[in-house]
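J.: turn this into a model:
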Amino acid sequence: MEAIVVTRTGGPEVLEHTEGAELTAGPGRLLVRVAAAGVNFIDTYFRVGAYPRPLPFTPGGEFAGTVEAVGEGVTGFEVGDRVASVDSVSGSYAQHTLVDAARAVRIPERIALETAAAALLQGLTAHYLTTSTWPIQKGQTALVHAAAGGMGLQLTQMIKARGGRVIGTVSTQEKEAVARAAGADEIIRYTEVEDLPAAVRAVTENGRGVDVVYDGVGKTTFDASLASLRPRGLLALYGAASGPVPPFELQRLNSGGSLFVTRPSLMHYIATAEELAWRAGELFTAVASGDLCINVGARYPLAEAAAAHTALESRATTGKVLLIPGQ
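T.: Take a look at the predicted model:
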């Protein structure tokens, strides 16, 4: 079985393309032939050892594919079903993977497997951020960092669907065009401004700042994110693409206007099968109807996983990055 295996932590070069062990569907599990695996920043955290895992391991936690075997005790799934799943340790950088049936969702017929793989992790994350962490209300303004990335594009569309206004940050003119096409109202090229919070406030009513910041970048944007909030606004720090945020003095939240900061995680928002089904159902309904467009920015053969990680970490990508086994 074609697979990517990590035997030592480090840079993209530790992603070894090899033959993995054959898998068998145990009790409560599904054996799935992977059609496409999503590439996400969390995969790089495991690769470098920031999130420790026993070695060796096959990375990947997001995929779509077809069920090839059903384990004992599984109900609701059959061989041939098209499924997708998000599980940070599922090992989806491979031709086959195993997943707990309770963590799998059925893919509607109108949605292609690659589209489902590209939509699920970022779509579920955008869903919980905009409906639960800070439920966007009509007329509210959100700051979305990395607005042209796969995550930023889904966030932007969901905010707009709920009646919100989006200020997005990007690095290039090309990425600005991508973010605007997704519905962003204002774009700030952070590479061209000296004072990002001032630039954000300049496009908010009376310079008051934004209601919420959705920040998946982390270390390099955290201070600017806090400084861009209006009093009693919320910073949702859902990722750390540039590295973890150092400890900071909590008094800053008081002096900034009784601000809120949260560090949410997707798994806490899909902790039950019922919540996973609700969020995935709303996500797939929006994709199938065309209300939510999924931008696949790059497809790499599984053997080129290292190149995919390099492109992601260097911010050379727009939209979603996928790995395709068998190519």
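
J.: you'd agree Thr125 is up against Met267?
T.: No - counting by Cβ atoms under 8 Å, Thr125 does not reach Met267; the two are 10.4 Å apart. Glycine gets a C-beta too; all of them are placed from N, C-alpha and C.

J.: local confidence estimate at the residue nearest to the spatial centre of the chain?
T.: With distances taken as Cα atoms, centre = their mean, the residue of the chain nearest its centroid is Gln122 (3.2 Å). Per-residue confidence (pLDDT) for Gln122: 95.

J.: nearest spatial neighbour of it, chain-adjacent residues omitted?
T.: The shortest distance from Gln122 to any residue other than its chain neighbours is 4.6 Å, reached at Met151 (Cβ to Cβ, 6 or more residues apart in numbering).

J.: so the residue nearest to the centre of the chain touches Gln154, yeah?
T.: Yes - shown here, Gln122 and Gln154 form a contact pair, counting by Cβ under 8 Å, at 5.0 Å.

J.: let me see the mean pLDDT of stretch 55-66.
T.: Computed over stretch 55-66, the average pLDDT equals 96.

J.: ok, now stretch 189-205?
T.: Stretch 189-205 carries an average pLDDT of 96.

J.: just how off-centre is that stretch within its chain?
T.: Centroid separation between stretch 189-205 and its chain, computed with Cα atoms, centre = their mean, to the nearest Å, is 25 Å.

J.: thinking again about what came up before, neighbour count winner among Thr125 and Met267?
T.: Between Thr125 and Met267, counted using other Cβ atoms under 10 Å, the more crowded position is Thr125 (26 against 14).

J.: tell me the predicted confidence for the residue nearest to Gln122.
T.: For Met151, the model assigns a pLDDT of 94.

J.: ok so it is a strand residue?
T.: No - going by DSSP: H, G, I helix; E, B strand; the rest coil, the assignment for Met151 is helix, not a strand.

J.: picking that back up, the residue nearest to the centre of the chain: helix or strand, and which one exactly?
T.: Assigned by DSSP states H and E, Gln122 falls within helix 113-128.

J.: same deal with Val178?
T.: Mapping Val178 onto the secondary structure by DSSP H and E places it in helix 173-181.

J.: who does that helix touch, helix- and strand-wise?
T.: helix 150-161, strand 165-170, strand 186-189 (3 or more Cβ pairs under 8 Å, 6 or more residues apart in numbering; DSSP states H and E).

J.: relative to Ile294, which of those is closest?
T.: Checking those against Ile294 by Cβ to Cβ gives helix 150-161 as the closest, at 7.6 Å.

J.: buried sites along the closest one?
T.: Buried residues in helix 150-161, counted by 16 or more other Cβ atoms under 10 Å: Gly150, Met151, Gly152, Leu153, Gln154, Leu155, Thr156, Gln157, Met158, Ile159, Lys160.

J.: also stretch 123-141?
T.: Buried, per 16+ other Cβ under 10 Å, within stretch 123-141: 123-131, 133-134, 136, 140-141.

J.: picking that back up, so what's the residue nearest to the centre of the chain up against?
T.: When contacts are counted by Cβ atoms under 8 Å, 6 or more residues apart in numbering, Gln122 touches Gly38, Asn40, Gly150, Met151, Gln154, Lys320.

J.: if we go to 7 Å?
T.: Gly150, Met151, Gln154, Lys320 (Cβ atoms under 7 Å, 6 or more residues apart in numbering).

J.: confirm Glu304 sits in a strand?
T.: No - if the criterion is three-state DSSP, then Glu304 is helix and not within a strand.

J.: counting neighbours, what do you get for it?
T.: By the criterion of other Cβ under 10 Å, Glu304 has 18 neighbours.

J.: any idea how far Gly326 is from it?
T.: According to Cβ to Cβ, to the nearest Å, Glu304 and Gly326 sit 13 Å apart.
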